[in-house]
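1. Sequence and predicted structure, then a few things I'm wondering about:
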Amino acid sequence: MKKKIQNIIENYGLPRIIIFLFLVFLFILTPFVGIRFDTSINDVIVRFSMNGILVLSLIPMVKTGCGLNFGLQLGIIAGILGAVISIEMEMIGFTGFFTAIGIAIFFAVIFGFLYGLLLNKVKGDEMVVATYVGFSSVSFMSIMWLMLPFKSPNMIWAYGGSGLRTTINTKGYWFHVLTDFLQIKIGNYIFFPTGTILFFALLTFLVWAFFKTKIGTAMIVVGSNTDYANSCGINVDKMRSISVILSTVIAAIGIIVYQESFGFIQLYMAPLFMAFPAVAALLLGGATVGKASIKNVIIGVFLFQSILTMTPSVVSNIIKSDMSETIRIILSNGMIVYALTRITRVRT
Amino acid sequence: MRKRIIIRTALVAALILIGIFLYAIGKEHKVVIDNRDISVGDIIYSASTTYVVWVDNQEIGVIKKGERNAAIAIGISHKIVVEEIKSNVLTGEKHEKRFRLKTNESATINIPAMINNANEWIDKTNDN
Amino acid sequence: MRKQSLTKTMNPGVLFLINYAVPIIFIILIAFAIPLSGLSGIYFIRELMIRLSRNSFLILALLIPVMAGMGMNFSIVLGAMAGEIGLIFITDWQIIGISGMLLAILISTPIAVLLGYFAGIVLNRAKGREMVTGFMLAFFMNGIYQLFVLFGMGNIIPISNSSILLPRGYGIRNTINLLGIRQVLDKLIPLKIGDILIPVATFLVIATLCVFITWFRKTKLGQDMRTVGQDNEVARLSGINVESTRVLSIVISTVLACYGQILFLQNIGTMNTYQSHEQVGVFAIAALLVGGASVTKANIPNVFIGVILFHTMFVVAPRTGKALMGQAQLGEYFRVFVSYGVIAFSLALYAWRKRVEKENERKKIMNYRKSILAK
């Protein structure tokens, strides 16, 4: 019996199990602290659908051995560009949504390509360089948001200031186009965001299918052993570039879905730290610096978002204070530190 | 091995002592200074004139009859000097007293009582 | 040995440019920005002096981990947090003057040692990824710090001075007035030239630290660290305990950072309980890199040149932004962009050079093998 438990702990990692048990504990507590069970479930499902794609975007780069994409912000910026340009063009509904995605993909490919070039030059140190490239780009874009010539009155500062506002409302444009699409209402409090979940499932399927193709498998080979990949005649650099572009594109789509569900486009310094919760979620789902699968994404996002949703409400009711921010910091960053200290096998 | 433990404990003890020392000489104390009538037992000392007050060589200000002022005193031993002032001119009538404050104490000083060298010129309270 | 392979293939002029790319770019940037900002010379000198006295100690704390091969130590933030906890306590106890500052140092040192030890152990388990891990660790500890200061203090940890507590009764306020120890070290030995107050005592302390670091390099421990920094295996074979040397370098760095933060805050006079330490790591490291240091090589001149260049940019950016674009806010973002950009650029440059050197080494070995086979 003890051996079995030890096995489980080794396989899944102690922190992960602790978090899972904690989560179960929280769910059990909900009725006792005066929170409706079904609203909690609804919150979890909605947040899952909001964040899923962003975490999914990390997969291509991990699989190809480029490490955890701490430079996620580049994809996010591409997405934001798509979103604001779509609003500038006064597109609404699904047209607006897909225009945003289209424009975002355009920018994401460019950014991803340049980013990929950089990462190829710094093999082995991708993560730390990516972090700072991500930060610099968010700061740089902050300057751009102030200077770019946008005109739409819903987006620029009132009283004739120049530059975009810090948060832009998507209501009236494409707010909840996906979420309300085919929405299923269960009981009084559960609004199942069918549209968003379907979209997430679609992208997940595409990613899964992609890795079964020739290019996809080549990328996986590059990820596990670059020398072997070289000897098979695979162009390692090109595969890595493709993975970076893919990751950036998916991230761009991901942030648009997030904005669609959340209702706001957040500019300036807001995306600065957005890479960390995504990475933490992926790691929580069982991934490591060198290995990640779709299963990790689903488990990870579910666990991470559940903790983020449940802990504040339950804890606040017990301790009567808002610990959610602090807990979020400890949890997401702690997970990343934990993952970074796992010893991985040496790669060339 | 033994010697090492002794030296280390001695060092830690020394640091703690230094800490306590610093605490004592750096602690702020609030000192309230009254220029009011005060009754001690049967005797009443009345405030008559205006005084300029210095605590620890820092000028606190002018306290008229019936007024009070406050000063911050740092550390353990202190000195208060009051000098009578009439029509904005210092008369030269000085009175000086020294007092000590333990770490958690704050004090209230009454000028009339102080001038008359009554024992109750200073009232110390423990803040805790 | 390794440097030769790269130097042989490049002429010294190009090599100099690459090695000192960051400071050179910076000097050019500043040369443009200063006239645009419209600030006077006196203002500059005074600002620079203040900033030198305020920030140098913290940046000097970064030197030792570089020596030991740990790269840029982002976990100096932990030391800063330890210092802040010490300051919270002396403010609570209302200890002022130099005794207050010394007491804060006394209290926070054990905390800094503990945190540094923890950081060192974590970093040891992430060999090869010290910088990312250090960075994430700093964020993580920030959460723990919040737990401690925002929820624990006033609750489990007794705080008697209610003026520093939040209205709800526990948790420390966002800003704490450090009036009691404000500029207490700066003004200890007063020297005034015209209008400008020169913080003699602070500079003396900084000078002492520089002397200490120089001396430390020559001690056995210092030499051990340098060996560990150059090559772990060689160090291990010479009988040096690599792991504990690395941990020790982080502990020393954390303690120095703790003192550096106390020095920093005593100059400013107010403590932003939850924000003061956040940017400490980034700005200190950016300044060091701007001064010409690299991930594997950093010395004392780098620190001072870095402070001067980096902080000049800091002072100049908002005004220049306003002059160029009519918005000072632009300058703010520009500052942040430059700080992060400098680090990104330096790290990328360093990583690229590392790879190029590795490749050259490989090629050399290949050629050598070929030449042997050919015989």
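-> That came through fine.

2. so after the strand or helix carrying residue C:316, what's the next helix or strand?
-> For residue C:316, the host element (DSSP states H and E) is helix C:300-325. Next in sequence after helix C:300-325, counting helices and strands by DSSP H and E, comes helix C:328-374.

3. Return the mean pLDDT over that following helix, rounded to an integer.
-> Model confidence over helix C:328-374 averages 81 on the pLDDT scale.

4. other SSEs contacting it?
-> Judged by 3 or more Cβ pairs under 8 Å, 6 or more residues apart in numbering or on different chains; DSSP states H and E, the packing partners of helix C:328-374 are helix A:93-121, helix A:126-147, helix C:2-8, helix C:21-37, helix C:280-290, helix C:300-325. Using the backbone N, CA and C atoms, a C-beta is placed for each residue, glycine as well.

5. buried sites along the second one?
-> What it means is helix A:126-147. Neighbour counts using 16 or more other Cβ atoms under 10 Å in any protein chain shown place A:126-146 of helix A:126-147 among the buried residues.

6. Keeping just the C-alphas, turn stretch A:231-248 into PDB.
-> This file holds the C-alpha atoms of stretch A:231-248, laid out as PDB (Å, rounded to 0.1, in the frame of the first residue of the first chain):
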ATOM      1  CA  SER A 231      21.400  13.200 -38.700                       C
ATOM      2  CA  CYS A 232      17.900  12.500 -40.000                       C
ATOM      3  CA  GLY A 233      18.400  15.600 -42.200                       C
ATOM      4  CA  ILE A 234      15.900  17.700 -40.300                       C
ATOM      5  CA  ASN A 235      16.600  21.400 -40.400                       C
ATOM      6  CA  VAL A 236      16.600  22.100 -36.600                       C
ATOM      7  CA  ASP A 237      16.500  25.800 -36.800                       C
ATOM      8  CA  LYS A 238      13.600  25.800 -39.300                       C
ATOM      9  CA  MET A 239      11.600  23.500 -37.000                       C
ATOM     10  CA  ARG A 240      12.200  25.700 -34.000                       C
ATOM     11  CA  SER A 241      11.200  28.800 -36.000                       C
ATOM     12  CA  ILE A 242       8.000  27.100 -37.000                       C
ATOM     13  CA  SER A 243       7.200  26.100 -33.400                       C
ATOM     14  CA  VAL A 244       7.800  29.700 -32.200                       C
ATOM     15  CA  ILE A 245       5.600  31.100 -34.900                       C
ATOM     16  CA  LEU A 246       2.900  28.500 -34.100                       C
ATOM     17  CA  SER A 247       3.100  29.300 -30.400                       C
ATOM     18  CA  THR A 248       2.900  33.000 -31.000                       C
END
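
7. Show me which positions of it end up buried.
-> Applying a neighbour-count criterion of 16+ other Cβ under 10 Å, one finds A:234, A:236, A:239-248 buried in stretch A:231-248.

8. now, among those residues, which is nearest to residue A:75?
-> Distance ranking of the buried residues of stretch A:231-248 against residue A:75, using Cβ to Cβ, places residue A:248 first at 4.0 Å.

9. Relative to residue A:115, how far out is that closest one?
-> In this structure, residue A:248 and residue A:115 are separated by 6 Å, where distance is defined by Cβ to Cβ, to the nearest Å.

10. what do these two both touch?
-> Taking Cβ atoms under 8 Å, 6 or more residues apart in numbering or on different chains as the contact definition, residue A:248 and residue A:115 share the neighbouring residues residue A:74.

11. one step back: show me the one of the helices and strands packed on helix C:328-374 that comes nearest chain B.
-> With distances scored as Cβ to the nearest Cβ, the stretch of these nearest to chain B is helix C:280-290 (25.6 Å).

12. Could you check how far the closest residue to chain B within chain C is from chain A?
-> Proximity to chain B, evaluated over chain C using Cβ to the nearest Cβ, is greatest for residue C:99 at 2.9 Å. Computed as Cβ to the nearest Cβ, to the nearest Å, the residue C:99 to chain A distance reads 33 Å.

13. same deal with residue C:105?
-> Taking Cβ to the nearest Cβ as the measure, residue C:105 and chain A are separated by 27 Å.

14. Identify the residues contacting that residue.
-> With Cβ under 8 Å, 6+ apart as the criterion, the residues that contact residue C:105 are C:83, C:86, C:258-259, C:262.

15. what number of residues lie near the residue in chain B that chain C sits nearest to?
-> Closest contact between chain B and chain C, by Cβ to the nearest Cβ, is at residue B:26 (2.9 Å). Residues contacting residue B:26 under the criterion other Cβ atoms under 10 Å in any protein chain shown number 24.

16. now do residue C:200
-> The burial metric for residue C:200, expressed as a neighbour count using other Cβ under 10 Å, is 16.

17. Quick check on residue C:162: phi, psi?
-> Listed backbone geometry of residue C:162 is phi -70, psi -10, with angles given as degrees, to the nearest 10.

18. So it versus residue B:97, what's the distance?
-> Look at residue C:162 and residue B:97: by Cβ to Cβ, they are 32 Å apart.

19. of the two, who's got more company?
-> Using other Cβ under 10 Å, the more surrounded residue of residue C:162 and residue B:97 is residue B:97, with 15 against 11.

20. quick one: secondary structure of that one?
-> strand (DSSP: H, G, I helix; E, B strand; the rest coil).

21. Hmm, residue B:114 and it touching each other?
-> Yes. Distance between residue B:97 and residue B:114: 5.8 Å, which falls inside the contact criterion (Cβ atoms under 8 Å).

22. Which neighbours do those two have in common?
-> Taking Cβ under 8 Å, 6+ apart as the contact rule, the neighbours common to residue B:97 and residue B:114 are B:80, B:121-122.

23. give me the subset of the residues you listed touching chain A.
-> Taking Cβ under 8 Å from any Cβ of the partner chain, there is no overlap between the shared contacts of residue B:97 and residue B:114 and the neighbourhood of chain A.

24. The lowest-mean-pLDDT helix or strand in chain A: what's the following helix or strand?
-> For chain A, the helix or strand with the lowest mean confidence is strand A:184-186, at a mean of 70 (criterion: mean pLDDT, DSSP states H and E). Towards the C-terminus, the helix or strand next in line after strand A:184-186, according to DSSP H and E, is strand A:190-192.

25. If you count neighbours, what's buried in that following strand?
-> Within strand A:190-192, the residues that qualify as buried by neighbour count (16+ other Cβ under 10 Å) are A:191-192.

26. Then stretch B:36-44?
-> Across stretch B:36-44, burial judged by 16+ other Cβ under 10 Å covers B:36, B:38.

27. ok, back up a step: going by neighbour count, which of the shared contacts of residue B:97 and residue B:114 comes out on top?
-> Counting neighbours by other Cβ under 10 Å, the one among the shared contacts of residue B:97 and residue B:114 with the most is residue B:80, which has 24 neighbours.

28. what's near enough to touch the residue of chain B closest to chain C?
-> Listed by Cβ under 8 Å, 6+ apart, the contact partners of residue B:26 are B:74-75, C:90, C:95-100, C:103.

29. what two of the residues you listed are the furthest from one another?
-> B:75 and C:90, at 14.4 Å, using Cβ to Cβ across these.

30. who has more neighbours, these two?
-> Set residue B:75 next to residue C:90 and count neighbours by other Cβ under 10 Å: residue C:90 wins out with 28 against 18.

31. re earlier: I figured the residue of chain C closest to chain B was touching residue B:25, is that so?
-> Yes. Under the criterion of Cβ under 8 Å, residue C:99 makes contact with residue B:25 at 5.2 Å.

32. How many residues are close by residue A:92?
-> Each residue near residue A:92 was counted by other Cβ under 10 Å, and the total is 16.

33. tell me the SS of residue C:189?
-> What three-state DSSP gives for residue C:189 is coil.

34. Chain neighbours aside, what residue packs nearest to residue A:165?
-> In space, not counting the residues next to it along the chain, residue A:165 is nearest to residue A:157; the distance is 5.7 Å by Cβ to Cβ, 6 or more residues apart in numbering or on different chains.

35. what's that neighbour in contact with, if anything?
-> The neighbours of residue A:157, taking Cβ under 8 Å, 6+ apart as the test, are A:163-165.

36. could you flag which of the residues you listed are buried?
-> Restricting the contacts of residue A:157 to buried positions leaves A:163-165, with burial counted as 16+ other Cβ under 10 Å.
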